[in-house]
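*Asks:* I would like the atomic coordinates for the input below:
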Amino acid sequence: ASPLRDVYKRQDLFDALRDIGTGEAPATALFEALDATPERGYPDRAAHMRYVDNHDEDRYIDECGAAPLRAAVGATFTLPGTPMIYAGQERGVEKQRGTMRWHDGDNALTDFHRRLVDLRTDYAALRAPAVRPVLHTVETDDADRVVAYERTDGDETLVVVLHFGDGTATVSFDTPVGDTDLLSDDQVGGDGTVEVGDVVVVPAADS
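*Replies:* Numbers count the residues shown, from 1 in each chain. The predicted structure is shown next:
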């Protein structure tokens, strides 16, 4: 393994998502972070909290920007573990601590968080313990900003696609996937190709 890959493997998901958001690491670094979890000595029964913000670090949106924030939050809700929303994250709070100002903020971002909560509640596959990377190609220039993985509970299989870059990426798979994004209910493609702005969750071909 390269020294750079070894650095990624030592990170936890929080740090990996920061480096992905700033462009210092490819989006696939989240797999190395997940693989490194057993090396940290956690017992099998441990429940891992997944978050992008906490009181010890600068806000993710300040460090990485609004577009990567949505993809990173999507990761925390679609990977194994327990997602945590840190105060104000869902309102797009920047450089602010103390009393929440609920009347200020990004209503669309708040709705995005609510839809992720509902999606995770509705689909048991997103609460399953295993993650499988999904091979894909990206037709835009920022392939390193895209990652795709499969989540299944044995009965249903979903494909999650995250795009940490600006704009929209066209992502193609070797096998067909659903054409409706379960997060937004929008048509996002078909015949093995999806258009993703930040987070897309579609049924796998056999679900």
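*Asks:* A29 reaches G21, doesn't it?
*Replies:* No. With contact defined as Cβ atoms under 8 Å, A29 does not reach G21; the gap is 10.7 Å. For every residue, glycine as well, the C-beta is placed using N, CA and C.
*Asks:* burial of the nearest residue to L30 once chain neighbours are set aside, as a residue count?
*Replies:* Of all residues not flanking L30 in the chain, A16 sits nearest, at 5.3 Å (Cβ to Cβ, 6 or more residues apart in numbering). Residues within reach of A16, counting by other Cβ atoms under 10 Å, total 26.
*Asks:* Got the phi and psi for A16?
*Replies:* When read as degrees, to the nearest 10, the backbone of A16 gives phi -60, psi -40.
*Asks:* Show me how this structure divides into domains.
*Replies:* Taking the TED database as the criterion, the chain consists of the domains 13-125, 128-203.
*Asks:* Any buried residues in the longest helix along the chain, and which?
*Replies:* In the chain, with assignment by DSSP state H, the single longest helix is helix 107-122. Using 16 or more other Cβ atoms under 10 Å as the test for burial, helix 107-122 gives 109, 112-113, 115-116, 119-120.
*Asks:* what does stretch 55-64 give?
*Replies:* Buried residues in stretch 55-64, counting neighbours by 16+ other Cβ under 10 Å, are found at 59-61, 64.
*Asks:* thinking again about what came up before, make CSV out of the domains of the chain and add mean pLDDT.
*Replies:* Listed next are the domains of the chain as CSV, based on pLDDT from 0 to 100:
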stretch, mean pLDDT
domain 13-125, 92
domain 128-203, 94
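*Asks:* From what I see, A25 and A16 are in contact.
*Replies:* Yes. In this structure, A25 is within contact of A16 by Cβ under 8 Å, at 6.4 Å.
*Asks:* Isn't D198 up against L162?
*Replies:* Yes. Under the criterion of Cβ under 8 Å, D198 makes contact with L162 at 7.2 Å.
*Asks:* Those two: who's more crowded?
*Replies:* A direct count of neighbours by other Cβ under 10 Å for D198 and L162 places L162 higher, at 29 against 24.
*Asks:* now what about stretch 52-60, what contacts it?
*Replies:* With contacts defined as Cβ atoms under 8 Å, 6 or more residues apart in numbering, stretch 52-60 is touched by 14, 17-18, 21, 63, 68-69, 72-73, 76, 86, 88-89, 93-95, 97.
*Asks:* any chance you could map the strands in this structure?
*Replies:* In the chain, the segments counted as strands under DSSP state E are 49-50, 82-83, 132-133, 136-138, 146-152, 157-163, 169-173, 189-190, 193-196, 199-203.
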